[in-house]
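J.: Mind folding the following:
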Amino acid sequence: MAPIVLVHGIFNHVRDASPEQAAARRVADCRPRLAESLRQLSVEVPETVMAYYADLLRPDLSEQVQSGGDDTSFDSLGPQERAAAAEWLASAGVVPPADSQNVALAPLRQMLGWLVDQRGGGLSGTVREQTMRRLERVIVANLREVEAYTTWPRRRNLVRERIAGVIRREAPAVVIAHSLGSYVAYETLHAHTDLQVELLVTVGSPLRVPSLARRLDPALRSGRGARPAGVQRWVNIADVGDVVAVPSKLAEVFPVDADETCDNGLGFHGFGGYLANGLLAAAVAPYIS
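T.: Residues are numbered from 1 along each chain as shown. Down below sits the predicted model:
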């Protein structure tokens, strides 16, 4: 049994590998970053397992989308997807230009540029463009992977069963869920009430993004989410520049016990940056040492 189970987010599909092989590769990438933060507290990284599900989304997603390829751009979006992207950016604090006839026609790259300028503190031309492209890829990939996950009930159930199976087998004290993984883990823990987790840590979570929150199962009630029955404590961590974890303050909608903010620099949404952060280590250490 592993004391820690990780649940990955976007850009995690591993080609030409079984789910077991892919999970092993992904956890091997994550363990050194988790070790960085725990080492500050003189805590060794315990056995850690990845709950891998990216292959289950693959039937409806091109290889490029799941690996962050060229079609993860705003230009590739249809009208409904553009509207969802504009709503996403608005939830991050961007005001759509007044001359936009409707949200689906909003100039997304202009809105994204405004967000980067507001949060980036005067980035140079090249760095600004690279940052904008990274954010663009993240938003588009999240929209499409959520679409792939939520559109077909059978696939949604398969993903939940996969993750629940890992948690049930490993009986971890801690589940750390990143990005789309926090969305999936939230639904899984609600659907499988037998699962007991002492600590749930969500990082870079899009649970409050309006277009995603509307699709949650169980749905929000009176604008509020519920704690999964088997979760004893819930800690959320969001980077100040993470455009996925918007609007900020998950606790305003979900019953988290601690809602922390960090600054991972240009690694604002990466799982590794969160795992290496001292706030995460402080949350996790009491449950594994």
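
J.: Look up phi and psi at the residue nearest the centre of the chain.
T.: By C-alpha atoms, centre = their mean, the chain has its centre lying nearest to S179, at 0.3 Å. Listed backbone geometry of S179 is phi 60, psi -130, with angles given as degrees, to the nearest 10.

J.: Excluding chain neighbours, what is closest to it?
T.: G9 (2.5 Å; C-beta to C-beta, 6 or more residues apart in numbering). Yep, even glycine has a C-beta here, placed from its N, CA and C like the rest.

J.: Number of residues surrounding the one you found?
T.: By other C-beta atoms under 10 Å, 26 other residues sit near G9.

J.: Tell me if I'm right that it and F271 touch.
T.: Yes. Here G9 lies in contact with F271, judged by C-beta atoms under 8 Å, at a distance of 6.5 Å.

J.: rewinding a little: the residue nearest to the centre of the chain and G204 touch, don't they?
T.: Yes. Counting by C-beta under 8 Å, G204 is a contact partner of S179 at 4.9 Å.

J.: which neighbours do those two share?
T.: Taking C-beta atoms under 8 Å, 6 or more residues apart in numbering as the contact rule, the neighbours common to S179 and G204 are 9, 244, 269, 271.

J.: Could you report the separation of the second one from E145?
T.: When you say that, I think you mean V244. Counting by C-beta to C-beta, to the nearest Å, the gap from V244 to E145 is 12 Å.

J.: just the third one next, same as before
T.: From H269 over to E145 the distance is 14 Å, taken as C-beta to C-beta.

J.: Just confirm the residue nearest to S179 is within a helix.
T.: No. G9: not assigned to a helix; according to DSSP: H, G, I helix; E, B strand; the rest coil it is coil.

J.: what's the spacing between L212 and Y183?
T.: In this structure, L212 lies at 6 Å from Y183, with C-beta to C-beta as the measure.

J.: Neighbour count: these two, which is higher?
T.: More crowded of L212 and Y183, by other C-beta under 10 Å: Y183, with 26 against 22.

J.: picking that back up, lowest-confidence one in the shared contacts of S179 and G204?
T.: In terms of pLDDT, the weakest of these is H269, which scores 85.

J.: ok, now which ones touch it?
T.: Contacts here follow C-beta under 8 Å, 6+ apart; on that basis H269 touches 138, 179, 204, 239, 242-245.

J.: wait, which of those is closest to R221?
T.: Within the set of those, A245 lies nearest R221; the separation is 22.3 Å, counting by C-beta to C-beta.

J.: For that closest one, grab the count of nearby residues.
T.: For A245, the number of neighbouring residues by other C-beta under 10 Å comes to 29.

J.: Strands along the stretch 151-289 of the chain, start to end?
T.: Ranges of strands in the stretch 151-289 of the chain, per DSSP state E, counting those that start in this stretch, are 174-178, 197-203, 231-239, 258-262.

J.: Out of the contacts of H269, list just those in helices.
T.: Assignment to helices by DSSP state H places the following of these there: V138.

J.: of the contacts of H269, closest to R119?
T.: V243 (8.5 Å).

J.: Now do the same for the closest one: its pLDDT.
T.: At V243, the predicted lDDT confidence score is 87.

J.: same check, this time on S76
T.: Here the pLDDT value assigned to S76 is 89.

J.: Next, the contact list for it, please.
T.: If you count contacts by C-beta under 8 Å, 6+ apart, S76 has them with V140.

J.: Could you measure from it over to G122?
T.: According to C-beta to C-beta, S76 and G122 sit 30 Å apart.

J.: and if you look at L38?
T.: As for L38, its distance to G122 is 35 Å (criterion: C-beta to C-beta).

J.: sorry, back to before: hey, what's in contact with both of L212 and Y183?
T.: Listed contacts common to L212 and Y183 are 146, 206; contacts here mean C-beta under 8 Å, 6+ apart.

J.: thinking again about what came up before, ok, L38 and G122, which is more surrounded?
T.: A direct count of neighbours by other C-beta under 10 Å for L38 and G122 places L38 higher, at 23 against 7.

J.: Understood, closing this out.
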